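Enquirer: I need the structure of the sequence given here:
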Amino acid sequence: VLRARFEADNAERSQRGLAVMPIDQHLLAAISNMPACSGIALGLDRLLMIATKQVRIDEVIAFPADIA
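Expert: Numbers count the residues shown, from 1 in each chain. Predicted coordinates:
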């Protein structure tokens, strides 16, 4: 799925006259062993927690569950 996305992105870049980006073979190899239900992204909210040294996620998100 990710390879297809990379290829589609490159096709669109090529159509627009932009440079085609190399496909990250190391990333594709690394995720090939991951179950389909898992991901490798780190959400912005988690990064904000680290940057602001917060312990609870509701301290950095705009609409915590208790007031959403």
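
Enquirer: domain assignment for the protein?
Expert: Domain assignment for the chain by automatic domain parsing gives 1-33, 38-68.

Enquirer: measure the longest one end to end?
Expert: Separation of the first and last residues of domain 1-33 by CA to CA, to the nearest Å is 13 Å.

Enquirer: what mean pLDDT would you report for it?
Expert: For domain 1-33, mean pLDDT is 93.

Enquirer: if you count neighbours, what's buried in that domain?
Expert: For domain 1-33, the neighbour count (16 or more other CB atoms under 10 Å) marks 6, 10 as buried. From N, CA and C alone the C-beta is placed, and that goes for glycine too.

Enquirer: check the offset of it from the chain's centre.
Expert: 14 Å (CA atoms, centre = their mean, to the nearest Å).

Enquirer: for the last one, same thing?
Expert: Average the C-alpha atoms of domain 38-68, do the same for its chain, and the two points are 15 Å apart (CA atoms, centre = their mean).

Enquirer: distance of the most centrally placed residue in the chain from V20?
Expert: For the chain, A41 is the residue whose C-alpha lies nearest the centre (CA atoms, centre = their mean; 4.2 Å). To V20, A41 is 24 Å away according to CB to CB, to the nearest Å.
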